[in-house]
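Engineer: Structural data only, the sequence is not supplied:
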């Protein structure tokens, strides 16, 4: 299996999801002045949504900053988005924005820190996804 890159804000919901997932993962720094990790392997991004009622600001600024790095962005293979269903149509919107701009699939959406069912489905889905990715390599 390849890498996971994730962003978690101070609320820690995405961090808790990653901990329960129990797979190797690299965290993007919260601070914009902190260095972006160097990722030289294909990865899936796990990202929360921070949209206002109109959908603006869905993708956290540290994620935008990281994806503006062409070398890092070229390794992105898919996105898993988190959100809060209380926000209706903007639930997990960051995943859709990233997928559209980076031309990668949204692999899954989960609420807050996810459920055990989410953890199980993401583990299984990532295993299948990476198997398919590796079988498509030249």
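Structural biologist: Right, received. Where do you want to start? Quantities reported herein were computed from a predicted structural model and do not represent experimental measurements. Numbering: from 1, shown residues only.

Engineer: Can you name the residues that contact residue 116?
Structural biologist: residue 20 (Cβ atoms under 8 Å, 6 or more residues apart in numbering). The C-beta positions use only the backbone N, C-alpha and C, and glycine is treated the same way.

Engineer: show me where the chain has helices.
Structural biologist: Counting by DSSP state H, the chain has helices at residues 13-21, 61-67, 70-73, 93-102, 116-135.

Engineer: pLDDT on stretch 113-132, on average?
Structural biologist: Averaging pLDDT along stretch 113-132 yields 94.

Engineer: Distance to residue 40 added to the helices of the chain, as TSV?
Structural biologist: Converted to TSV, the helices of the chain look like this (distance: least, Cβ to Cβ, whole Å):
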stretch	distance to residue 40
helix 13-21	20
helix 61-67	14
helix 70-73	8
helix 93-102	17
helix 116-135	16
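
Engineer: Looking at those helices, which is nearest to residue 33?
Structural biologist: helix 61-67 (9.9 Å; Cβ to Cβ).

Engineer: and that closest one, how far out from the chain's middle?
Structural biologist: 11 Å (Cα atoms, centre = their mean, to the nearest Å).

Engineer: contacts for it?
Structural biologist: Counting by Cβ under 8 Å, 6+ apart, 5, 7, 28-32, 36, 45, 47, 72-73, 76, 94, 98, 101-102 sit against helix 61-67.
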